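S.K.: attaching a predicted model along with its sequence, questions to come.
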Amino acid sequence: MMEKYFLFGAGINCYGVIHFFRKESIIAIIDSDIRKQGTDVEGIPVISLDEYIKSNHKEQIIISGFIEGDSIAECLRKNNISNYYKSPYMQNGFYSDSKDIIYKLNLQNSDEIVFCNPNPISRLIERDIKKINKKVDIKYIDDCNCGKVSENAPIVVTNSDEKLFVEKHLGKMLKNQMIIDINEEYRKNYGFKNEKIKKIKNIHKNRRCFIIGNGPSLRYQDLEQLYAHKEICFGVNRIYLAYQHTNWRPDYYVAVDYMVIQNDLEKIREMEGTKFIRHFYKSLPQWDDEEIYEFRGIDYKAANPQISFDMYQGIYMGNTVVFDAIQIALYMGFQEIYLLGVDMSSGIRCEDKESHFYELTGRKEVFGTSNTSEARNCLKYAAEEMEKKGIKLRNATRGGELNEVLRVDFDSLF
């Protein structure tokens with residue numbers, strides 16, 4: 001009998017979670033955003049936490065909100081709900097199902113397999129591996145129960161919490177155990193890679209560029225200034241809405257938001273120039289255009305940002321497409337990177353009025369409140385790590401709240 005679950009978090013990662021666990025196993029998706037409640041994701045209803053509590057359901061909750069995973073878990077604990085599991089980040093690439101995990105990790109011939117605790121993924125693996133190898137012994141451990149584990153049995157961890165638990169609490173007690181992190185194994189051996197990306201490595205070595213955000217401070221006359229001086233520029237998301245007001249066009253375009261890419265797919269295809277699109281697992285059509293570079297996104301733990309200097313291996317997410325654009329620019333060899341129109345104003349939803357230099361009408365998108373504090377933290381980290389390598393990141397934005405990156409007067413650059 002198929003197990004049933006609730007998801008918590010109707011954001012981008014829930015699409016990957018739905019594809020892995022299958023739509024028919026998801027009863028509903030809980031989300032705290034009242035504008036998402038009453039809608040659906042792939043036909044699955046979005047409900048409030050109060051609705052879940054009142055329904056008195058006993059099914060396990062899978063926390064599909066990745067960056068917000070800790071805060072969601074805290075919310076559940078405050079409501080005396082302990083039957084939850086934090087999903088790995090699945091949207092940028094994951095195993096197709098539990099059998100795929102078994103064969104990719106070569107678990108099918110194991111005599112004994114150890115998991116930290118029963119969770120939705122470990123239970124699926126246990127179910128399917130017993131169909132393949134009836135003699136396999138499945139064990140679950142915690143800090144009070146690890147003495148019965150065979151010395152060489154692999155410990156399979158399915159999320160970052162489990163890995164941290166094993167390394168911190170059980171490391172000394174289980175000296176010879178091999179720890180298999182299913183997420184690391186996927187990233188290292190099976191994650192999406194695009195060979196075409198190698199063509200652009202260092203093609204702008206020691207040059208400078210501008211990354212143009214869509215903040216309300218963006219001025220069309222500043223874009224004209226960039227156009228007049230033939231500066232190399234990156235545009236992001238819906239920057240094409242500026243085209244009717246200026247001769248300027250970006251040399252490079254970057255999009256990483258699933259909703260933007262899905263809803264504006266044809267507009268993105270029609271744009272001229274080189275485009276960089278984040279890879280999404282089993283959700284969007286394959287990009288066959290020679291001028292489109294699909295790249296791999298890499299998740300990170302909240303408040304612990306990382307940055308990639310090798311785009312071919314992947315680009316770390318940072319709660320803003322600007323962070324992706326910076327890492328692309330680094331791979332291309334730019335020595336000076338200037339931000340313009342990157343306001344990072346806190347508490348503003350992406351679809352709110354005055355959140356961008358443009359105003360959309362007739363849109364029904366609900367992005368949720370931007371985590372600008374996390375985005376600013378990532379940009380601060382990027383500036384510090386780049387400085388160590390002698391690469392300059394500066395904020396030439398007129399106004400806004402991004403003070404974590406050293407500001408420079410835009411007009412002084414010319």
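M.R.: Right, received. Where do you want to start?
S.K.: could you use CA atoms for every contact and neighbour count after this?
M.R.: Will do.
S.K.: and for H57, the neighbour number?
M.R.: Look at H57: counted by other Cα atoms under 10 Å, it has 12 neighbours.
S.K.: and it, helix, strand or coil?
M.R.: Per DSSP: H, G, I helix; E, B strand; the rest coil, the secondary structure class of H57 is coil.
S.K.: can you check R376 too?
M.R.: Per three-state DSSP, the local secondary structure of R376 is helix.
S.K.: wait, it sits on V342?
M.R.: No - here R376 does not reach V342: they are 10.2 Å apart, not a contact under Cα atoms under 8 Å.
S.K.: and for those two, which residues touch both?
M.R.: Here R376 and V342 have L402 as joint contacts, going by Cα atoms under 8 Å, 6 or more residues apart in numbering.
S.K.: can you show me the helices along the protein?
M.R.: Applying DSSP state H to the chain gives helices spanning 13-21, 49-55, 69-78, 98-104, 120-132, 160-165, 182-189, 220-228, 258-263, 265-270, 321-331, 372-388.
S.K.: in the last one, which residues are buried?
M.R.: Buried residues in helix 372-388, counting neighbours by 16 or more other Cα atoms under 10 Å, are found at 372-386.
S.K.: quick one: it to helix 321-331, angle?
M.R.: Computed with axes from the mean of the first three to the mean of the last three Cα atoms, to 10 degrees, the direction of helix 372-388 lies at 10 degrees from that of helix 321-331.
S.K.: tell me which residues are up against helix 372-388.
M.R.: Contacts of helix 372-388 from elsewhere in the structure, counted by Cα under 8 Å, 6+ apart, are 302-303, 305-307, 318-320, 323, 344-347, 392-394, 402, 404-405.
S.K.: about what we covered before: what's the most buried one of the helices of the chain?
M.R.: Mean neighbour count (mean count of other Cα atoms under 10 Å) peaks for helix 321-331 among the helices of the chain, with a mean of 24.
S.K.: distance of G297 from R207?
M.R.: The span separating G297 from R207 equals 25 Å under the rule Cα to Cα, to the nearest Å.
S.K.: and those two? Which one has more around it.
M.R.: Ranked by neighbour count (other Cα under 10 Å), G297 and R207 place G297 first, with 24 against 15.
S.K.: what is the burial count for the closest residue to that one other than its chain neighbours?
M.R.: Counting by Cα to Cα, 6 or more residues apart in numbering, G297 lies nearest to I315, which is 5.0 Å off, once chain neighbours are set aside. Counted with other Cα under 10 Å, the burial measure for I315 works out to 24 neighbours.
S.K.: please apply the same query to the one 3 residues further on.
M.R.: Applying other Cα under 10 Å, we find 28 other residues in the vicinity of G318.
S.K.: which residues touch it?
M.R.: Applying Cα under 8 Å, 6+ apart, one finds that G318 lies in contact with P305, D324, E374, A375, C378, L379.
S.K.: biggest separation within these, which pair?
M.R.: Farthest apart among those by Cα to Cα are D324 and E374. That separation is 14.1 Å.
S.K.: ok, M178 - contacts?
M.R.: Shown in contact with M178 (Cα under 8 Å, 6+ apart): N152, A153, P154, I155.
S.K.: ok, it to V156 distance?
M.R.: Taking Cα to Cα as the measure, M178 falls 8 Å from V156.
S.K.: before we move on, what about V41?
M.R.: Distance from V41 to V156, counting by Cα to Cα: 31 Å.
S.K.: which of these two has more neighbours?
M.R.: The residue with more neighbours, out of V41 and V156, is V156; 22 against 16, by other Cα under 10 Å.
S.K.: my guess is the more buried one contacts N183. True?
M.R.: No - taking Cα under 8 Å as the contact criterion, V156 and N183 are not neighbours in contact, 10.3 Å apart.
S.K.: test my guess that I180 contacts N159.
M.R.: No - counting by Cα under 8 Å, I180 stays clear of N159, with 10.7 Å between them.
S.K.: enumerate the beta-bridge partners assigned to the residue lying closest to L406 once chain neighbours are set aside.
M.R.: Here the nearest residue to L406 in space, its sequence neighbours aside, is R394; by Cα to Cα, 6+ apart that works out to 5.3 Å. Counting by DSSP bridges, R394 is bridged to Y338.
S.K.: any idea of the pLDDT on R35?
M.R.: The predicted structure scores R35 at 89 on the pLDDT scale.
S.K.: how close does it get to M344?
M.R.: Relative to M344, R35 is positioned 22 Å away (Cα to Cα).
S.K.: higher neighbour count, these two?
M.R.: Under the neighbour definition other Cα under 10 Å, R35 and M344 were set side by side, and M344 has more, 24 against 13.
S.K.: quick one: residues contacting I268.
M.R.: I261.
S.K.: what about it, distance to K36?
M.R.: 26 Å.
S.K.: K188 too?
M.R.: As defined by Cα to Cα, K188 lies at a distance of 35 Å from K36.
S.K.: same question for I391.
M.R.: From I391 across to K36, the span is 41 Å (Cα to Cα).
S.K.: before we move on, what's the pLDDT of the residue nearest to V166 when sequence neighbours are not counted?
M.R.: On the basis of Cα to Cα, 6+ apart, the spatially nearest residue to V166 that is not a chain neighbour turns out to be C116, at 7.8 Å. According to the prediction, C116 has pLDDT 86.
S.K.: C116: neighbour count?
M.R.: The burial metric for C116, expressed as a neighbour count using other Cα under 10 Å, is 21.
S.K.: contact partners for the residue sitting furthest away from the middle of the chain?
M.R.: Farthest-out residue of the chain from its mean C-alpha position, per Cα atoms, centre = their mean: K135, at 38.5 Å. Under the criterion of Cα under 8 Å, 6+ apart, the contact list for K135 reads D111.
S.K.: quick one: pLDDT of it?
M.R.: The model reports K135 with a pLDDT of 91.
S.K.: with I67 instead?
M.R.: The predicted local distance difference test score for I67 is 81.
S.K.: number of residues surrounding it?
M.R.: By the criterion of other Cα under 10 Å, I67 has 19 neighbours.
S.K.: so who does it touch?
M.R.: Applying Cα under 8 Å, 6+ apart to I67 gives the contacts Y300, K301, A302.
S.K.: ok, it to Q108 distance?
M.R.: Per Cα to Cα, I67 is found 32 Å from Q108.
S.K.: what do you get for G213?
M.R.: When G213 is compared with Q108 (using Cα to Cα), they lie 49 Å apart.
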